[in-house]
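A.B. asks: here's my sequence, what's the structure:
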Amino acid sequence: MFKISYLLFGWGNETFHYLGKILKTEYLLARKRKPNTKKEDKNMMVICENYITAEQPSNWSEMVEHFHSRTKKHIELVNKYTTKILALNLPEIIEKQLLQEDHDCGKWIEPEYTPYIHLTWKYKTKGEYNPIEWQDKINQATFHHITKHRHHPEYWDSNVTINNLNLRNRDEPSGSIVDATKMPLTFIAAMMADWLAMSEEKNSDIRDWYDKNVNIRWAFTEDQTRLMKIIMNSI
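C.D. replies: Next up is the predicted model:
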């Protein structure tokens, strides 16, 4: 650990020095909460290795700042819409279960953290920044994210593979439908909070996303789609 810490935190480049301070703070906080856990040490090693071995863009510190601010803003919006959904007092939704959902927590650790910094900047620049050398890792990070977080339909399909993703454009259906029929209604509500948050961020209509993807990208039951429509029409 000392060797990697020395390489990272003693790096002469301003970008790596900036990242080093962020990572050192996060790591020390993690160790204070639960000292010397193998999981935290392993994650820190992966993050350090990514920054030490990869040549990042000259504006990397700006990219990191944008990722942090945008992700935090998104989570705030998800929480806002979660509150609005709970205010509907729908009997299908288990409030305690919905409130326990730690939205997008995986984006703060590897293997999602670094690829999502690149991906978030790509969205900000509307595709002008297009890191081809990172595309495989972005696809892998996306697949990891959607199969590890319960507000994504892919989590509930035991047969899902990375080929269910559109590897060229993650926002478009791939032509291979995901079976979301086992997704509990509480997590349908969590998914809707995510969709509503994204719609506000993009200043778009959630109904367009619904029409483009429901029973095309993801297969849902009538009960699931009924709940989606109630939420869409009520908020």
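
A.B. asks: helices along the chain, start to end?
C.D. replies: Using DSSP state H, the helices of the chain run over 2-9, 14-33, 38-53, 60-86, 95-99, 113-124, 135-148, 185-202, 206-213, 222-234.

A.B. asks: least confident of those, on average?
C.D. replies: For the helices of the chain, the weakest mean pLDDT is recorded on helix 2-9, namely a mean of 35.

A.B. asks: what is the neighbour count of the nearest residue to residue 187 once chain neighbours are set aside?
C.D. replies: Excluding the flanking residues, the one nearest residue 187 by C-beta to C-beta, 6 or more residues apart in numbering is residue 150, at 4.9 Å. (C-beta placed from N, C-alpha, C; glycine too.) For residue 150, the neighbour count with other C-beta atoms under 10 Å is 17.

A.B. asks: quick check: residue 150 vs residue 116, distance?
C.D. replies: Look at residue 150 and residue 116: by C-beta to C-beta, to the nearest Å, they are 18 Å apart.

A.B. asks: who's in contact with residue 185?
C.D. replies: Counting by C-beta atoms under 8 Å, 6 or more residues apart in numbering, residue 185 touches 92, 93, 223, 224, 227.

A.B. asks: so which of the residues you listed is the closest to residue 214?
C.D. replies: Residue 214 has its nearest neighbour among the contacts of residue 185 in residue 224, at 8.9 Å by C-beta to C-beta.

A.B. asks: from residue 197, how far off is that closest one?
C.D. replies: 19 Å.

A.B. asks: check residue 113 too.
C.D. replies: Counting by C-beta to C-beta, the gap from residue 113 to residue 197 is 20 Å.

A.B. asks: just residue 177 next, same as before
C.D. replies: From residue 177 to residue 197 the distance is 24 Å (C-beta to C-beta).

A.B. asks: look at residue 175 and report its pLDDT.
C.D. replies: Model confidence at residue 175, given as pLDDT, is 89.

A.B. asks: setting aside sequence neighbours, what's the nearest residue to it?
C.D. replies: Leaving aside its sequence neighbours, residue 175 sits nearest to residue 166 (C-beta to C-beta, 6+ apart; 7.9 Å).

A.B. asks: is it true that that neighbour touches residue 173?
C.D. replies: Yes - the pair residue 166 / residue 173 is scored as a contact, 6.5 Å apart, by C-beta atoms under 8 Å.

A.B. asks: what's the neighbour count on the closest residue to residue 163 other than its chain neighbours?
C.D. replies: Closest residue in space to residue 163, ignoring its immediate chain neighbours: residue 176 at 6.1 Å, by C-beta to C-beta, 6+ apart. Using other C-beta under 10 Å, residue 176 is surrounded by 12 other residues.

A.B. asks: ok, residue 176 to residue 187 distance?
C.D. replies: 21 Å.

A.B. asks: quick check: domain ranges of the chain?
C.D. replies: Taking automatic domain parsing as the criterion, the chain consists of the domains 1-55, 60-234.

A.B. asks: out of those, which one sits most buried?
C.D. replies: Stretch with highest mean neighbour count among the domains of the chain: domain 60-234 (a mean of 16; mean count of other C-beta atoms under 10 Å).

A.B. asks: quick one: end-to-end distance for it.
C.D. replies: End-to-end distance of domain 60-234 (C-alpha to C-alpha, to the nearest Å): 41 Å.
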